[in-house]
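Asks: Predicted model follows, preceded by the sequence.
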Amino acid sequence: MKRLRVGVLYGGRSGEHEVSLASAAAVFAHLDRKRYEPVAIRIDKEGRWAIADRPPTAMSAAEVIEQARLEAARPVRSGREVHLVARPSEETILSIDRRTADKRDQGQAVVTGLNLDAIFPVLHGPYGEDGTIQGLLELANVPYVGAGVLASAVGMDKALMKLVFSARGLPVCPYRVVLRHDWTSNRNGVQAELERALGFPMFVKPANLGSSVGISKAKDPASLEAAMDLAGSFDRKIVVEAAVADAREIECAVLGNDAPSASVPGEVVPSREFYDYEAKYIDDGSKIFIPADLPAATAAEIQRLSVAAFQAIDCAGLARVDFLMERATNKIYVNEVNTIPGFTTISMYSKLWAASGVEYGALLDRLIALALERHTEKQQLRTSVT
């Protein structure tokens with residue numbers, strides 16, 4: 001059987017660049033070489049694409065930072081830069097090797113076309129998880145793993161996501177959205193309105209970022225001001241949420257296209273006051289319980305809400321849905337959907353599916369098959385009225 005050539009796209013212009021390296025390393029390590037021919041396509045922090053000399057290998061939190069240093073020390077310009085052909089073509093990408101330019105005809109670079117059967121984006125955050133890459137892949141008419149343009153954009157923007165959830169009747173905690181422009185021009189007025197509407201404590205987040213980057217818990221006016229400045233340094237739009245009292249953090253994984261399934265729910269007990277970037281990737285004190293210790297009816301409701309949130313944004317392929325549950329009342333709030341969740345073998349998404357009977361390698365197979373299925377369906381659509 002012909003092997004499928006799969007381009008694994010990782011890195012990117014995002015504060016989650018380092019997380020992407022670890023996710024991509026796991027994908028490369030577990031793609032069945034009898035079925036797939038993986039191609040490592042790296043995007044550096046300046047947005048330059050290249051076929052990597054070797055795929056990333058860091059799959060643990062401790063190795064991610066070191067791998068990032070190695071990546072930063074290897075400029076993309078010195079390798080085979082890559083350009084996606086943004087139209088339907090038998091050559092999905094063009095690889096340009098400038099290293100041999102001086103040895104060839106008057107210094108001309110060597111250009112090679114390469115056809116890919118599918119692309120597996122392992123990009124987290126802006127310029128990868130937000131619909132920008134997905135739009136480019138749609139123009140190229142190439143199958144790709146995961147959500148489409150709309151679901152990626154809505155899933156990235158926490159403010160719009162909450163609007164969609166509310167419109168579909170899904171429970172969300174009280175929140176406000178603040179533009180950075182409004183914050184910088186009227187700090188006292190905005191702060192007074194947030195305190196009146198939400199009260200302390202509250203969580204302050206960049207609207208378009210993940211992995212808990214730029215998120216703070218504000219307990220008083222001084223910490224709220226610092227939190228707003230931090231979130232505003234990452235995004236022009238800031239989401240401020242009322243804190244859920246004594247919250248449990250529950251997560252559930254979803255897999256599928258038009259008929260998605262939900263995994264068993266799991267619970268994260270962070271090593272810090274909340275599950276911030278350091279608790280996720282730097283220290284090892286956080287604990288994960290799979291399945292979560294929940295009554296059967298509560299677990300079933302979380303699975304139902306996970307599928308409902310997935311379908312509300314018209315997601316496809318995969319997503320991890322995060323919840324906050326008030327300990328005293330067991331009241332459940334949908335926090336957010338992550339359309340490209342962390343994807344190492346020890347990431348919550350893959351561990352939830354392993355506990356549900358789908359191991360990592362089989363999960364990769366399912367995701368690629370779902371990408372091909374969705375692409376085949378789209379090819380049946382009419383593009384002309386005549």
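Replies: Sure, I can see it. Keep in mind that what you see is a predicted model, and the values were worked out from it rather than measured.

Asks: For the stretch 101-250 of the chain, which segments count as strands?
Replies: Counting by DSSP state E, counting those that start in this stretch, the stretch 101-250 of the chain forms strands over residues 110-114, 118-122, 175-179, 202-206, 216-218, 237-242, 247-256, given from the N-terminal end onward.

Asks: Worst mean pLDDT among those?
Replies: Set side by side, these give their lowest mean pLDDT on strand 110-114, at a mean of 87.

Asks: List the pairing partners of that strand within its sheet, with orientation.
Replies: strand 93-97 (antiparallel) (DSSP bridges).

Asks: tell me which residues in the strand it pairs with are buried?
Replies: Of the residues in strand 93-97, those buried by neighbour count under the rule 16 or more other Cβ atoms under 10 Å are 93, 94, 95, 96. No exception for glycine: its C-beta is placed from N, CA and C like everyone else's.

Asks: Surely the first one and residue 86 touch.
Replies: No. Residue 93 sits out of contact with residue 86 when judged by Cβ atoms under 8 Å, with a separation of 10.5 Å.

Asks: on that earlier part again, of all the strands of the stretch 101-250 of the chain, which lies closest to residue 369?
Replies: Using Cβ to Cβ as the criterion, the shortest distance between residue 369 and the strands of the stretch 101-250 of the chain is 9.7 Å, found for strand 118-122.

Asks: what about residue 260, how many residues close to it?
Replies: By other Cβ atoms under 10 Å, 18 other residues sit near residue 260.

Asks: Relative to residue 297, how far out is it?
Replies: Distance, residue 260 to residue 297, using Cβ to Cβ, to the nearest Å: 21 Å.

Asks: Quick check, residue 347 in contact with residue 23.
Replies: Yes. Using Cβ under 8 Å, residue 347 is in contact with residue 23, at 7.1 Å.

Asks: So between those two, which is more surrounded?
Replies: Summary of the neighbour comparison: residue 347 and residue 23, criterion other Cβ under 10 Å, with residue 23 having more neighbours (27 against 21).

Asks: pLDDT wise, what is the more buried one at?
Replies: Predicted confidence (pLDDT) for residue 23: 91.

Asks: The residue lying closest to residue 47 once chain neighbours are set aside: what's it in contact with?
Replies: The shortest distance from residue 47 to any non-neighbouring residue, by Cβ to Cβ, 6 or more residues apart in numbering, is to residue 13 (4.8 Å). When contacts are counted by Cβ atoms under 8 Å, 6 or more residues apart in numbering, residue 13 touches 43, 45, 46, 47, 126, 127, 128.

Asks: Pretty sure residue 30 sits against residue 362.
Replies: No. Look at residue 30 against residue 362 with Cβ under 8 Å: they stay out of range, at 9.7 Å.

Asks: Neighbour count for those two, which is higher?
Replies: In this view residue 30 and residue 362 are compared by other Cβ under 10 Å, and residue 30 has more residues nearby, 17 against 14.

Asks: do you know how far the more buried one is from residue 302?
Replies: Noted for residue 30: a distance of 27 Å to residue 302, by Cβ to Cβ.

Asks: next one: residue 250
Replies: Spatial separation of residue 250 from residue 302 under the definition Cβ to Cβ is 6 Å.

Asks: Over to residue 369?
Replies: Counting by Cβ to Cβ - residue 369 and residue 302 are separated by 26 Å.

Asks: Between the two, which is the more surrounded one?
Replies: Counting neighbours by other Cβ under 10 Å for residue 369 and for residue 302 shows that residue 302 has the greater number, 23 against 13.

Asks: ok, the more buried one touching residue 254?
Replies: No. The pair residue 302 and residue 254 fails to qualify as a contact (Cβ under 8 Å) at a distance of 11.2 Å.

Asks: Could you name every residue contacting both of the two?
Replies: With Cβ under 8 Å, 6+ apart as the test, residue 302 and residue 254 both reach residue 262.

Asks: Residue 57 contacts residue 25, doesn't it?
Replies: Yes. With contact defined as Cβ under 8 Å, residue 57 and residue 25 form a contacting pair (5.2 Å).

Asks: For these two, indicate the residue with more neighbours.
Replies: Legend: neighbour count by other Cβ under 10 Å for residue 57 and residue 25, higher for residue 25 (25 against 15).

Asks: Tell me how far the more buried one lies from residue 318.
Replies: Using Cβ to Cβ, one obtains 18 Å as the distance from residue 25 to residue 318.

Asks: got it, and residue 244?
Replies: Going from residue 244 to residue 318 by Cβ to Cβ gives 26 Å.

Asks: Next: residue 386.
Replies: Plainly put, residue 386 is 38 Å away from residue 318 if you go by Cβ to Cβ.

Asks: For the two, indicate the residue with more neighbours.
Replies: In terms of neighbours (other Cβ under 10 Å), residue 318 is the more surrounded of residue 386 and residue 318; the figures are 26 against 3.

Asks: secondary structure class for the more buried one?
Replies: Following DSSP: H, G, I helix; E, B strand; the rest coil, residue 318 is assigned to strand.

Asks: ok now do it, which residues does it touch?
Replies: Under the criterion of Cβ under 8 Å, 6+ apart, the contact partners of residue 318 comprise 145, 146, 147, 253, 254, 255, 339, 340, 341, 349, 367.

Asks: Go through those and single out the one with the most neighbours.
Replies: residue 253 (31 neighbours).

Asks: distance of that one from residue 365?
Replies: Residue 253 is 16 Å from residue 365, by Cβ to Cβ.

Asks: Then residue 145?
Replies: Plainly put, residue 145 is 11 Å away from residue 365 if you go by Cβ to Cβ.

Asks: Same question for residue 35.
Replies: 7 Å.

Asks: Residue 335 too?
Replies: For residue 335, the distance to residue 365 - Cβ to Cβ - is 29 Å.

Asks: What sits closest to residue 330 if chain neighbours are left out?
Replies: Here the nearest residue to residue 330 in space, its sequence neighbours aside, is residue 298; by Cβ to Cβ, 6+ apart that works out to 6.2 Å.

Asks: Cheers, nothing more for now.
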